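**Student:** no sequence for this one, just the structure:
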């Protein structure tokens with residue numbers, strides 16, 4: 001069964017699944033907690049729910065250790081694959097100083 005859900009005009013994926021699939025979180029439960037803390041933003045909008053939809057082109061901003069990371073969604077994976085595959089699904093953006 002595919003993990004990508006058709007909703008509206010573009011395919012979407014839950015943010016917790018996305019973070020876990022692309023290896024930005026070590027486990028799905030950690031990804032879920034990250035989303036529910038209320039410190040993550042998608043396209044500048046604060047989210048508090050693990051089921052918030054992610055689409056290709058979205059910007060995700062979140063704390064990762066002592067730094068803030070901003071990633072652009074380039075693709076929606078169907079599974080948690082190898083790291084090399086995960087890296088093709090997002091682009092790390094540099095924060096301006």
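**Tutor:** Cool, got the structure. Everything numeric here is computed off the predicted structure, so don't read it as measured data.

**Student:** contacts, neighbours, all on C-alpha from now
**Tutor:** Will do.

**Student:** quick one, helices of the protein?
**Tutor:** 15-21, 28-36, 83-86 (DSSP state H).

**Student:** Return the most buried member of those.
**Tutor:** Highest mean neighbour count of the helices of the chain: helix 15-21, a mean of 25 (counted as mean count of other C-alpha atoms under 10 Å).

**Student:** What helices and strands are in contact with that one?
**Tutor:** Counting contacts by 3 or more C-alpha pairs under 8 Å, 6 or more residues apart in numbering; DSSP states H and E, helix 15-21 packs against helix 28-36, strand 53-54.

**Student:** Out of those, flag the one nearest residue 15.
**Tutor:** Of all the helices and strands packed on helix 15-21, it is strand 53-54 that lies closest to residue 15, at 5.8 Å by C-alpha to C-alpha.

**Student:** Now render the helices of the chain as a markdown table, adding mean pLDDT.
**Tutor:** Shown next, in a markdown table, are those (pLDDT from 0 to 100):
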| stretch | mean pLDDT |
| --- | --- |
| helix 15-21 | 97 |
| helix 28-36 | 95 |
| helix 83-86 | 94 |
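
**Student:** Would you format those as a markdown table with distance to residue 62 included?
**Tutor:** A markdown table is the format used below for the helices of the chain (distance: least, C-alpha to C-alpha, whole Å):
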| stretch | distance to residue 62 |
| --- | --- |
| helix 15-21 | 11 |
| helix 28-36 | 8 |
| helix 83-86 | 18 |
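
**Student:** nearest to residue 61, of those?
**Tutor:** Proximity to residue 61 (C-alpha to C-alpha) singles out helix 28-36 among the helices of the chain, at 10.7 Å.

**Student:** Neighbours of residue 45, how many?
**Tutor:** A count of nearby residues for residue 45, using other C-alpha atoms under 10 Å, gives 10.

**Student:** got it, and the one 4 residues further on?
**Tutor:** Here the neighbour count serves as a burial measure; for residue 49 (other C-alpha under 10 Å) it reads 18.

**Student:** With residue 95 instead?
**Tutor:** For residue 95, using other C-alpha under 10 Å, the count is 8.

**Student:** That's all I had, so thanks and see you.
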